[in-house]
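Asker: can you look at this prediction? I've put the sequence above it.
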2 protein chains.
Amino acid sequence: MPRVVVDVVLKPEISDPQGQAVLGALGRLGHRGVTGVRQGKHFVLDVEGTPDEAELREIAENLLANPVIEDVELHLEAVRPPTPSQG
Amino acid sequence: MPRVVVDVVLKPEISDPQGQAVLGALGRLGHRGVTGVRQGKHFVLDVEGTPDEAELREIAENLLANPVIEDVELHLEAVRPPTPSQG
């Protein structure tokens, strides 16, 4: 079954208090090599049959994200091979 | 500057009420081709210098995720070319 990954991230111009909080914590814990953190949502969709990219883009942009403040990244993943039954 | 993407997802055996809610909404809106939805967190880290994968895995597994109920996927992305200055 095809797997579609949708990552929803805040638009660059939108401030990201959650990301800032994580960045602060990482700095206090000594991880100074990390200079920026942005936090978003990660969706994994199982899709029946051949994924319809236009429909998936509409789902991603209008249902999973708020198009006013968020951008989406769509990743169509290879079909996962069915796990061989143990029988 | 290298960009590291960390996706934090619930372990398969953990129930995902948020994902179930999204799945139900998609069905009601006529998107019946989607048969499963899992929701997680998506982090984008900007890292200075050469990313230390061991340190990043420790950050991902212990600070960005709850190892008891969550799994992580680490993606080291190619270095973004510097945007040419307009001057």
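Answerer: Looks like it came in fine. Numbers count the residues shown, from 1 in each chain, chains lettered A, B, ... in the order given.
Asker: A helix includes A:Arg57, no?
Answerer: Yes: A:Arg57 forms part of a helix when assessed by DSSP: H, G, I helix; E, B strand; the rest coil.
Asker: was I right to think it contacts A:Glu73?
Answerer: No: here A:Arg57 does not reach A:Glu73: they are 10.8 Å apart, not a contact under Cβ atoms under 8 Å. Heads up, the C-betas are built off the backbone N, CA and C, glycines and all.
Asker: pull the longest strand from chain A.
Answerer: Identified as the longest strand of chain A according to DSSP state E is strand A:34-47.
Asker: quick one: buried residues of that one?
Answerer: In terms of neighbour count (16 or more other Cβ atoms under 10 Å in any protein chain shown), strand A:34-47 has its buried residues at A:34, A:37-47.
Asker: would a markdown table of the residues you listed with distance to chain B and pLDDT be doable?
Answerer: Shown next, in a markdown table, are the buried residues of strand A:34-47 (distance: Cβ to the nearest Cβ, whole Å; pLDDT from 0 to 100):
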| residue | distance to chain B | pLDDT |
| --- | --- | --- |
| A:Val34 | 5 | 94 |
| A:Val37 | 6 | 96 |
| A:Arg38 | 4 | 96 |
| A:Gln39 | 6 | 97 |
| A:Gly40 | 4 | 97 |
| A:Lys41 | 6 | 97 |
| A:His42 | 4 | 97 |
| A:Phe43 | 6 | 97 |
| A:Val44 | 4 | 96 |
| A:Leu45 | 5 | 96 |
| A:Asp46 | 3 | 94 |
| A:Val47 | 6 | 94 |
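Asker: between those residues, which is nearest A:Glu77?
Answerer: For those, the minimum distance to A:Glu77 (Cβ to Cβ) is 8.7 Å, reached by A:Val44.
Asker: residue contacts, that closest one?
Answerer: Neighbouring residues of A:Val44 by Cβ atoms under 8 Å, 6 or more residues apart in numbering or on different chains: A:3-5, B:9, B:36-38, B:40.
Asker: ok, so of these, who is nearest A:Ile14?
Answerer: B:Gly40 (20.4 Å).
Asker: and A:Gln39, bridged to which residues?
Answerer: Counting by DSSP bridges, A:Gln39 is bridged to B:Phe43.
Asker: where do the strands sit along chain A?
Answerer: A:3-10, A:34-47, A:70-77.
Asker: and these: which comes nearest A:Gln20?
Answerer: It is, among the strands of chain A and with distance given as Cβ to Cβ, strand A:34-47, at 7.4 Å.
Asker: no further queries at this time; thank you.
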